[in-house]
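[1] Give me a 3D structure for the following:
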Amino acid sequence: MGGRTTRTRVGRPGDRTERLAALAAGLSVVVAGALLAAGLALSPRGLDLLDGAYQLRLVASPGASRDAGEAYLFGFLLHPLYELVGEGVAVLRTVAVLLLAGAAALAARDLVRMAARGSRLAASSTWAVAAAAAASTLLVRTLWTRDPGYRWVALLGLVFVASGLARAEDGRDRSAGVLLGLGLVVAGTGRPTTGAAAGLLVLVVVALRRWWRPRFLGWTGAVVVGAAAGVLALAGMTPRQAVQYHVSGLRMVELLGDHGSVLQLAGFTVPDVSGLLLLGTPLLLVVLPPLVLRRAVGSAVTGAAGSSGAAGAVSALVVLVLGGVLAAFASHLVGAGGQVHRALSVALVLPLLATVALLAQRGRASGRAVVLVAVLLLPYPYALGSNVAFSLVTAQAACLWVAALGALAVLPARTGPTLLSPAVAAAVGCAVTGIVLWTAWSAGPPESALAGATVPAPVASGTLLLPADEAAVATRLHGLADEEGISADTPVVDLTGVGAGYAFELGGHPLGRAHLYGTWAGGVESARYALDRVPCREHAAAYLLYAPDNPSDVSAAFTRGRLDLHRDYTAVDRFPSRQFGRTVEISVLRPGPTVASRLGCPASP
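    The predicted model follows:
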């Protein structure tokens, strides 16, 4: 009687390695997705009362800055989006997260495919790097403001540039020219110094790679001109008016004195690397030794795992677990006293790893390596002109480092297999993002802590979740705006120097500048420069936020020695505010009938 033959399949080591690599990559995708989901869930929480609200006021009323000028044009670019989402801050944040994350994912895909050209690459590797790059865009929502503003716009432009460089290297001239031209204009709209520096970097790459192809150059130039014309059309300005707008805005910044020396603006200051030292070192100890000490450590790890691919997958899994452990302790190590921003420098592990990976590349990959070096350098143009330590600001653009590191991981190595895989690059990106986001959640200062922002309050045309005391103030101001008939046509000026958020909650539009900063030595002079350029009747019609005996007060710039804020105005509400470790009582002042005459305004026609 014939028996049935049973065949037993013995798994090959290569199959086991591929499955393990796919598992590591898949887990990175899941972690990145969870981080993005958390970022989206946090969109309704919190409102920064200073820098964040200043940028929101500029987005809500960009035209109000025309009289005095500004250092940025991003408000005109974001204003249509703000209106499209119904002037809801939470929705605006959500859309901004999705747009930037999607752009970063596409740029990472382009870079990885460029680097892997001519070799076999698992789809899971591309997905892992793209997902990690997308999740790491959430770092742009740190450094005190979580709302899309000049940094968000500048980073979006640089992400387009990175994608354009990858496509140019692959010979896709039309799409490369479109992305590069659009990216440079968008980056410059976010911050002019960013656009200019990125443009110089692109020119260097074009020269080194000899991309003198007429089709590529034609598309790039045409899109630069067209995109710039589009931005000017949104702003309602001619090129000359745009230059005057920026010059006047820079004069305000100069008088304020908040940007220090040229050396500081170029990043030549003492870096803050506490996050790198305390949180990044454990990550480097896992990933670096097998890369640097290939014979002593790399061979031993590879032998224990069975192959370099398996060793890389295990390394990625270890990094993800270690990232979770470090996140749990990060707030105690670097977040004490609300210094959440110090955790950002942990992202410097990404360019450090990329530098090591670059040293392992063959000469035949040099063309692609030039592109990846340029992408690794793009966070510097992003930070150029900032008054914050570059070790922190560049970390906000870590999505570019994640994408470049993932692409470097698939370039051919000089001396055999490398333990730096796309899964490892993605895992490090996810670990860095998770550490910073958890620190921001668990260790923020009381006035901006996300964990305590649980009470719904009306803000603009939407709802935000705020700490209980701030929610109560926002609700009062929203009701007061209805009672007083404050609309988008009503001037509202914060004279406290620190209350841009309250002015945004009250409504109306700013005068001169979206916020008159009083926290710097030149606050009054800068505010006077801005207010001297607005129509007298607008000046006289403004509702005011005023806190006497406040060290950040800029009321002297508004009164011009002619107004008495106690006699010429009526206080329609008062509320306490705690910022920078002190509590002040802020009054909302309604202008009286004598203000226009005291200011010497011409009679109404």
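[2] What is the least confident helix or strand in the protein?
    helix 299-305 (a mean of 48; mean pLDDT, DSSP states H and E).
[3] For the very next helix or strand once past it, what is the distance to the chain centroid?
    Using DSSP states H and E, the helix or strand that follows helix 299-305 in sequence is helix 308-333. When distances are taken as C-alpha atoms, centre = their mean, to the nearest Å, helix 308-333 is centred 25 Å away from the chain's centroid.
[4] before we move on, what about stretch 394-401?
    Using C-alpha atoms, centre = their mean, the offset of stretch 394-401 from its chain centre is 9 Å.
[5] And the residue nearest to Gly592 when sequence neighbours are not counted, what's its pLDDT?
    Nearest non-adjacent residue to Gly592, counting by C-beta to C-beta, 6 or more residues apart in numbering: Asp568, 5.0 Å away. For every residue, glycine as well, the C-beta is placed using N, CA and C. At Asp568 the predicted local confidence, pLDDT, stands at 96.
[6] now Tyr529: how far from Pro535?
    Tyr529 sits 16 Å away from Pro535, going by C-beta to C-beta, to the nearest Å.
[7] Those two: which is more packed in?
    Using other C-beta atoms under 10 Å as the criterion, Tyr529 and Pro535 rank with Tyr529 on top: 21 against 13.
[8] What mean pLDDT does the host helix or strand of the more buried one get?
    Element membership for Tyr529, per DSSP H and E: helix 523-531. Here helix 523-531 scores 95 as its mean pLDDT.
[9] Then stretch 189-200?
    96.
[10] contacts for it?
    71-74, 77, 150-158, 161, 183-185, 187-188, 231, 246, 265, 378, 380-382, 384-385 (C-beta atoms under 8 Å, 6 or more residues apart in numbering).
[11] if we can go back for a sec, ok, and for the helix holding Tyr529, which residues are buried?
    If you call a residue buried by 16 or more other C-beta atoms under 10 Å, then helix 523-531 has these buried ones: Gly523, Val524, Glu525, Ser526, Ala527, Arg528, Tyr529, Ala530, Leu531.
[12] Give me the phi and psi for the residue nearest to Gly592.
    The phi/psi pair for Asp568 (degrees, to the nearest 10) reads phi -90, psi -10.
[13] Quick one: residues contacting it.
    Here Asp568 is in contact with Pro591, Gly592, Thr594, Val595, Arg598 (criterion: C-beta under 8 Å, 6+ apart).
[14] Would you reformat the buried residues of helix 523-531 as a markdown table and include distance to Gln55?
    Supplementary listing: those in a markdown table, determined by distance: C-beta to C-beta, whole Å:
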| residue | distance to Gln55 |
| --- | --- |
| Gly523 | 18 |
| Val524 | 22 |
| Glu525 | 22 |
| Ser526 | 17 |
| Ala527 | 18 |
| Arg528 | 22 |
| Tyr529 | 20 |
| Ala530 | 16 |
| Leu531 | 20 |
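[15] ok, the residues you listed vs Arg215, which is closest?
    Ala530 (46.3 Å; C-beta to C-beta).
[16] To what extent is the residue found closest to that closest one once you drop the neighbours it is linked to in the chain buried, counted in neighbours?
    Counting by C-beta to C-beta, 6+ apart, Ala530 lies nearest to Gly512, which is 3.0 Å off, once chain neighbours are set aside. Using other C-beta under 10 Å, Gly512 has 28 neighbouring residues.
[17] what's the answer for Leu42, then?
    Neighbours of Leu42 (other C-beta under 10 Å): 22.
[18] all helices of the stretch 201-350 of the chain, in order?
    214-235, 239-256, 262-265, 274-275, 281-292, 299-305, 308-333, 349-358 (DSSP state H, counting those that start in this stretch).
[19] Grab the longest helix from the protein for me.
    helix 13-41 (DSSP state H).
[20] C-terminal to that helix, what's the next element?
    helix 51-60.
[21] so how far is the helix holding Tyr529 off the chain centroid?
    On C-alpha atoms, centre = their mean, the centre of helix 523-531 falls 28 Å from the chain's centre.
[22] between it and helix 239-256, how big is the angle?
    If you take axes from the mean of the first three to the mean of the last three C-alpha atoms, to 10 degrees, helix 523-531 sits at 160 degrees to helix 239-256.
[23] How about the most centrally placed residue in the chain: what's its closest non-neighbour residue?
    With the centre of the chain defined as its mean C-alpha position, the nearest residue by C-alpha atoms, centre = their mean is Val140, 2.5 Å away. In space, and not counting its chain neighbours, Val140 is closest to Gln396: 4.7 Å by C-beta to C-beta, 6+ apart.
[24] Do I have it right that the one you found meets Thr145?
    No: using C-beta atoms under 8 Å, Gln396 makes no contact with Thr145, being 10.6 Å away.
[25] which one of these two has more residues nearby?
    Neighbour totals were compared for Gln396 and Thr145, and Gln396 leads with 28 against 23 (other C-beta under 10 Å).
[26] list the helices and strands the particular helix or strand that has Gly434 in it packs on?
    Element membership for Gly434, per DSSP H and E: helix 422-443. On a contact count with 3 or more C-beta pairs under 8 Å, 6 or more residues apart in numbering; DSSP states H and E, helix 422-443 meets helix 13-41, helix 123-136, helix 281-292, helix 308-333, helix 349-358, helix 398-408.
[27] Tell me which of these approaches Ala472 most closely.
    helix 13-41 (23.6 Å).
[28] mind listing what's buried in that closest one?
    17-18, 20-22, 24-25, 27-29, 31-32, 35-36, 38-39.
[29] now for the residues you listed, which pair is the farthest apart?
    Longest distance between any two of the buried residues of helix 13-41 is 33.1 Å, between Thr17 and Gly39; criterion C-beta to C-beta.
[30] Going along the chain, name the helices of the stretch 501-605 of the chain.
    Under DSSP H, counting those that start in this stretch, the stretch 501-605 of the chain gives helices at 523-531, 536-541, 555-559, 595-599.
[31] Tell me which of these sits nearest to Pro44.
    Here helix 523-531 is closest among those (C-beta to C-beta), at 31.6 Å.
[32] Any chance you could list what contacts the helix holding Tyr529?
    68, 251-253, 255-257, 493, 497, 511-513, 516-518, 520, 539, 552, 554, 556-558.
[33] Can I get it as CSV, trimmed to CA atoms?
    Extracted as CSV, the C-alpha positions of helix 523-531 are listed here (Å, rounded to 0.1, in the frame of the first residue of the first chain):
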residue,chain,number,x,y,z
GLY,A,523,11.0,96.5,23.5
VAL,A,524,9.7,100.1,23.8
GLU,A,525,11.8,101.5,21.0
SER,A,526,10.8,98.6,18.6
ALA,A,527,7.1,99.0,19.5
ARG,A,528,7.3,102.8,19.0
TYR,A,529,8.8,102.2,15.5
ALA,A,530,6.0,99.9,14.6
LEU,A,531,3.1,102.0,16.0
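[34] where does the stretch 201-350 of the chain dip in pLDDT?
    Where the stretch 201-350 of the chain drops to pLDDT under 70, the residues are 290-312, 335-340.
[35] at 80 what do you get?
    258-265, 267-270, 288-314, 330-342 (pLDDT under 80).
[36] In PyMOL, select just the buried ones from the contacts of helix 523-531.
    Here is the PyMOL selection string for the buried members of the contacts of helix 523-531, based on 16+ other C-beta under 10 Å:
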select buried, resi 68+251+252+253+255+256+493+497+511+512+513+516+517+518+520+539+552+554+557+558
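[37] Quick one, grab the pLDDT at Ala389.
    pLDDT, Ala389: 85.
[38] For it, grab the count of nearby residues.
    Ala389, neighbours per other C-beta under 10 Å, totals 21.
[39] got the contact list for it?
    Thr269, Val270, Pro271, Asp272.
[40] What mean pLDDT does the longest helix of the chain get?
    If you average the pLDDT over helix 13-41, you get 83.
[41] what's it packed up against?
    Where contact means 3+ C-beta pairs under 8 Å, 6+ apart, helix 13-41 is packed against helix 89-115, helix 123-136, helix 308-333, helix 422-443.
[42] CA atoms only: put the second one into CSV for me.
    The one in question is helix 123-136. Provided in CSV are the C-alpha atoms of helix 123-136 (Å, rounded to 0.1, in the frame of the first residue of the first chain):
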residue,chain,number,x,y,z
ALA,A,123,9.9,47.6,0.3
SER,A,124,9.7,47.3,4.1
SER,A,125,13.0,49.2,4.3
THR,A,126,11.7,52.1,2.3
TRP,A,127,8.5,52.2,4.3
ALA,A,128,10.4,52.2,7.6
VAL,A,129,12.6,55.2,6.7
ALA,A,130,9.7,57.1,5.2
ALA,A,131,7.6,56.5,8.3
ALA,A,132,10.3,57.5,10.7
ALA,A,133,11.0,60.7,8.7
ALA,A,134,7.3,61.5,8.8
ALA,A,135,7.1,61.0,12.5
SER,A,136,10.2,63.1,13.2
